[in-house]
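Novice: Here is a sequence together with a model predicted from it:
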Amino acid sequence: MAHPSKELTLVVFKPDAVQRGIIGEITARFERAGLKIVGAKMLQPSADHYYHHYETIGKLISRRGQKAFDSIANFMQSGPVIALVLEGVEAVGLVRKLTGATEPKAALPGTIRGDYAHTSFAHADKFDVGVPNLIHASSDPEEAKAEIAHWFSESEIFDYETAHDKFTQPLK
């Protein structure tokens with residue numbers, strides 16, 4: 001698992017990111033920021049998998065209602081996704097900052113959503129579809145732990161040292 005001074009977080013490239021062929025560009029942004037990929041896979045999860053992810057862990061129905069859950073669950077099942085586990089210093093917050101606001105229309109230029117997406121919640125609601133916002137990123141460290149355990153087995157998470165690691169560890 002993660003080095004004691006580092007944190008793990010989950011990133012899921014949604015079907016729109018996979019279908020647009022921009023996974024490499026976005027992954028490079030995470031790596032350039034000093035995050036390390038410690039788990040990766042492509043899959044097409046079931047409705048039950050997404051229910052556990054978005055409601056059991058994320059409480060989406062509780063927070064935003066059944067319609068919001070149905071929209072995102074249908075959208076997420078529209079194609080394969082790529083799940084990554086990233087490791088780094090304060091990884092959850094860093095990934096959230098790099099990703100930008102959940103609503104692409106509100107995401108600042110320079111963020112992933114600000115540079116690669118533009119749809120508003122209102123537009124998605126008008127057509128009763130999920131917002132194509134490219135990425136799911138864990139909200140906080142506790143959610144990240146639960147999501148990673150849901151998407152990955154322990155044997156699918158790797159521990160290795162990168163050149164960047166030696167510069168982010170406490171001096172001895």
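Specialist: Happy to help now that I have it. Residues are numbered from 1 along each chain as shown.

Novice: For the residue nearest to E55 when sequence neighbours are not counted, give its distance to A149.
Specialist: Counting by Cβ to Cβ, 6 or more residues apart in numbering, I61 is the residue found nearest to E55 once chain neighbours are left out, at 4.9 Å. Where C-beta positions appear, they are placed from N, C-alpha and C, glycine not excepted. Separation of I61 from A149 (Cβ to Cβ, to the nearest Å): 21 Å.

Novice: More neighbours: these two, which one.
Specialist: More crowded of I61 and A149, by other Cβ atoms under 10 Å: I61, with 16 against 13.

Novice: quick one, what contacts that one?
Specialist: By Cβ atoms under 8 Å, 6 or more residues apart in numbering, the residues touching I61 are 54-55, 68-69.

Novice: go on, L10?
Specialist: By Cβ under 8 Å, 6+ apart, the contact list for L10 reads 83-86, 136-138, 144, 147-148, 151.

Novice: Pass me the low-pLDDT residue ranges in the protein, would you?
Specialist: Residues of the chain meeting the criterion pLDDT under 70: 1-4, 168-172.

Novice: Can you show me the helices along it?
Specialist: Along the chain, the segments classed as helices by DSSP state H run 15-20, 23-32, 47-51, 60-64, 66-76, 91-99, 112-116, 121-126, 141-151.

Novice: Next, the buried residues of the last one.
Specialist: Applying a neighbour-count criterion of 16 or more other Cβ atoms under 10 Å, the buried positions in helix 141-151 are 143-148, 151.
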